[in-house]
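Asker: coordinates only, no sequence provided:
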Ligand SMILES: Cc1ncc(C[n+]2csc(CCOP(=O)(O)OP(=O)(O)O)c2C)c(N)n1
Ligand SMILES: Cc1ncc(C[n+]2csc(CCOP(=O)(O)OP(=O)(O)O)c2C)c(N)n1
Ligand SMILES: [Mg+2]
Ligand SMILES: [Mg+2]
């Protein structure tokens, strides 16, 4: 076990996978010599050369298109789209092309490629550098989508993504980049894409979250525990597919489902989790489920406003208290 | 009243709005002399000239970007993105730019622009010409999204979109292009964006749909009526925002909510409608709500498979029968 | 060329008579580009193409039966009958895929070129695209990267004068697609796309340069499609005379004319092509259709 | 130029001392491009710019207080304090908007040019962008449409040699951004971007041609940013000597040198600029911050 920062775990996973499999290559904007805007690709070009670690021009569509073409031709590309907001420029290649490559060829081709991208709460860089667009990709048949909230997961999910036979979008939380956690660096930990992690158990209410919001949800759960409310916290980790079974297992005990996310509400992953609960295990719900998310507005740059934009531990705890008392009334 | 085809109603709306307001201009691929791939812009260039009705190169990003720039500078552009699948190429301009223009400028700018695009069930043109991506745009703060299912709505919603002060995405069903309906051509009918339409009333179950799926849902409702099951059918019409109040009003009577859509399930508008029901009017639901949608797969070209891909009247009716009998058991 | 021609004529006929349900974008009249370029390629080289890609796929080595099978939505088609005319793909013959999105095949071919280079092989990738794709930004993004990294790719633009119903003068501010290579220092040439020998020569030069590490090339082949954009196109945007003029430049007849004494051999080839196509059609029509279960198969790859 | 310089120096200082929270992309050293180009524009002309856009906004007539207010996230900022340094927008001075997406302002300016043309006015639109944006497809899409429709737009590329930490030789396969005009027949020229008079002259020519219906132009101004890509950039990708060399070519000092006897006037201008900026800073710091309610205001336009 070793204490690593989130970005160091990403860096380590890339390093390890590139050592393990020479088909793995990395390219994107500033990923080479500069080592990425936040260090995730640091040192890779030095070890693996300018052929396997390439700085690209600012051409997101071509970056993802090349990832696809090279993945269909024997490589295992890991490309970086610096911020998820910029994925808007590559949606054709990601959604019309990569996601459908296996299906359209009826399985003759596979596209073992990874798109890494930063999303969500960030350093006040505003409306075009802060969006959590996970629902767009989670909605697409053929894509897998993961979003680690801990350094250990940052490594094991990225490894799983690299080894997956199809395209995987790995979303990273910029605000967690310097957060620390224990990582079992001696073990070759490869996560199972599609499996959630129970971060905290509890019988009062089921809180589901992912990415940076998980950290705030756990903080809220700690506050709730002080009030005697034991909340289960599930880190979804994989948003495509979503581990509905794990969520259901908890809701069966608690009767309460609260989803906390940094994306806006409509047509979101939170909507999907709640809709699935209502459709598939309606009778396990003892009260209306709840979605805690930002207001339906772009992300402002304003320091003060950003804090009230994203669900904070205090706000989460307050809403959960209400939710739990609702049951009390009903019972 | 006059019987018009869906495409003729679109054509009429454009004609009327261009006559009414000289700021309205139209541009897109093949919209000029050819009158659009399916006739929607027929005759416009002849009447309004090659300045106000322009054929563009195949440059979706620039088309939407120009729509935005010109809408911020005194015009009211209506642009066409031939198929919604191609909107993948313009997501930056639509989502990062147009949707946020008012917000980012704190209201100093508005972007009164319309993006028309064809989506959903089509003439077996396969995985890259058939996607229903309405959830992507409905998920974006700052965008409005409508999807007419009748010729009358095709006209009145498009007029509303053109007169709206912000960006509106108007989705059109290719498979409805030659469907007919009565249109009150003498009245200047302008729809209210955000208002659903009750297409059929009934107390047994609430069916919600939009676009071409509405037509199949109505056919299913007719089949159900033969069995003595009176289904209410709500045509959502506006997906951004969704008229949850209208849906709730019906569910309050029926207790049953079934959403029928041509988009795949995860993170869809259907998920949103069901999640909102569960979160906001849980107690009005007497049974688990149901989402009828294609399997989580791309749209195949295969004629035979397409029919089992999109929910058919028969399949809808069969599922609704089960749904209604579930209540019977419960009661 | 004969095989391409016969394949498309057969498809056209079958569709017109209602036997084939597929929508079709035919390349009749443009066969010299496909044949000339692919003649310069190895089976292990890789191509991407477009909605108008039957010719490229056949010339690259795609077999008639699974191609026709795909049009007929048969389980034995190249894509299990799931994807149709615009999506032929076949690893065995080096077809990464036709594509229904204008321009989208270009960066995919670029990725294939990257893989060739990175794996240290001497493979070459070719991106076929229409002149309409020149207006898509990703074409230019790809030129830049190809030049920067000296990737083994040949960009082959089939300039047939129209993008759907829009003439090139309306959609492209350059009379000359080859001109787009210059800013990047990419060697570019324009060639008579109805002269298969000229196309082949230009392609051989570009391909062998790419194979030998000299980096990308851009080839513009000027040609014309005899049929509408799609089958059913009213073709109001052009005159019958224009079409007639281009029919005069039929690439197949021109090849006959320049290869003296070859008439008999060509007749044989035509006959043989027709037979092969007919055999393929007969065979394929007996195949079972795509099964219902295929609808949800291969959404996710199971191995790679 | 003096005002731009002082504005950015003040912002830099305020940020370094922790008073200003905003992230900053400074254009210090590049002021001649903004000043030279905007001097050729009317107030009613329209511009779009980038993450490095303070200079363009000030030169176009943006006022110091609401600009600084936006950096300070004050309700009186140009965007109500909601959007920050990368999103300055002001209809009154013809600023359609700075932009945090590389290349995205280009088609927006194109739309403004379309509006000018269509409304029959003689307005001109200018898109400012860095050389990094040349790799984004939408730049090329916009050149094509501008040329086809002869739109009144001037594309102004500030080539400062780097896109973030990546030198232009690594991200662009052309030593010459002006070269990209040629395929479209767009008149293009390169100019010393640290020579404000040269920039102005080139801009005047391009702008007046556009104003008179001659269509678009492309202007490449070669320059250099003295500061890092953002404040805090470790700048490992370049040498101190390189920066020093470019500091020698300070556009402000160069203008002094060529306008003989102007030293006094320039000192005055510098002083005045400093005073104006300081006054703005003082004023703005007293303004109330953006109110909580603003968070959800203007998501949808209420009139247009
Ligand atoms: C991104 C995108 N935009 C629009 C279309 C619709 N479309 C299909 S083919 C075509 C014209 C293509 O012209 P060109 O590239 O010259 O190829 P050609 O058909 O002439 O072979 C268009 C606009 C599309 N398929 N994809
Ligand atoms: C679409 C997009 N990709 C990447 C980025 C991240 N990014 C911000 S500035 C920048 C470099 C821009 O370089 P250039 O255009 O030369 O402008 P400069 O910073 O030199 O003024 C990059 C890559 C972005 N903002 N938008
Ligand atoms: Mg063409
Ligand atoms: Mg630069």
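Answerer: Done, it's in. Being a predicted model, the structure only gives us computed values, none of them experimental. Ligands and ions are numbered 1, 2, ... in the order given.
Asker: hey, let's count contacts and neighbours off CA atoms from now on
Answerer: Fine.
Asker: ignoring the adjacent residues along the chain, who's closest to residue A:282?
Answerer: residue B:288 (5.4 Å; CA to CA, 6 or more residues apart in numbering or on different chains).
Asker: pull the number of nearby residues for the one you found.
Answerer: Look at residue B:288: counted by other CA atoms under 10 Å in any protein chain shown, it has 25 neighbours.
Asker: show me where chain A has strands.
Answerer: Counting by DSSP state E, chain A has strands at residues A:2-5, A:24-28, A:53-55, A:76-83, A:114-119, A:144-146, A:168-173, A:180-183, A:197-200, A:205-209, A:231-235, A:238-240, A:257-260, A:290-292.
Asker: report whether the next helix or strand after the fourth one contacts chain D.
Answerer: The helix or strand immediately downstream of strand A:76-83 is helix A:91, counting by DSSP states H and E. No: against chain D, helix A:91 shows no contacts by CA under 8 Å from any CA of the partner chain, the least distance being 13.8 Å.
Asker: do helix A:91 and ligand 2 meet?
Answerer: No: on the criterion CA under 6 Å from any ligand atom, helix A:91 is out of touch with ligand 2, staying 12.5 Å away.
Asker: and that helix, how far from the chain's centre?
Answerer: On the basis of CA atoms, centre = their mean, to the nearest Å, helix A:91 sits 18 Å off its chain's mean C-alpha point.
Asker: hmm, it touching chain C?
Answerer: No: residues of helix A:91 contacting chain C under CA under 8 Å from any CA: none, with a closest distance of 11.1 Å.
Asker: tell me the contacts of whichever residue of the stretch 1-150 of chain C sits closest to ligand 4?
Answerer: Using CA to the ion, the closest approach of the stretch 1-150 of chain C to ligand 4 is made by residue C:144 at 16.2 Å. Counting by CA atoms under 8 Å, 6 or more residues apart in numbering or on different chains, residue C:144 makes contact with C:184, D:135, D:172-173.
Asker: and the residues you listed, which two are the farthest apart?
Answerer: C:184 and D:135 (11.2 Å; CA to CA).
Asker: who's more crowded, these two?
Answerer: Applying other CA under 10 Å to residue C:184 and residue D:135 shows that residue D:135 carries more neighbours, namely 28 against 22.
Asker: could you check how far that one is from residue C:145?
Answerer: Distance of residue D:135 to residue C:145, given as CA to CA, to the nearest Å: 9 Å.
Asker: which residues are common contacts for those two?
Answerer: Listed as contacting both residue D:135 and residue C:145 by CA under 8 Å, 6+ apart are A:57, D:171-172.
Asker: write out the residues of the stretch 151-300 of chain C neighbouring chain A.
Answerer: Counting by CA under 8 Å from any CA, the stretch 151-300 of chain C sits next to chain A at C:297-300.
Asker: mind redoing it with 6 Å?
Answerer: Proximity of the stretch 151-300 of chain C to chain A, by CA under 6 Å from any CA of the partner chain, involves residues C:298-300.
Asker: of those, closest to chain B?
Answerer: The closest of those to chain B turns out to be residue C:299 (CA to the nearest CA; 5.8 Å).
Asker: wait, that closest one sits on residue A:103?
Answerer: Yes: under the criterion of CA atoms under 6 Å, residue C:299 makes contact with residue A:103 at 4.9 Å.
Asker: okay, the two: which has more neighbours?
Answerer: Applying other CA under 10 Å to residue C:299 and residue A:103 shows that residue A:103 carries more neighbours, namely 31 against 23.
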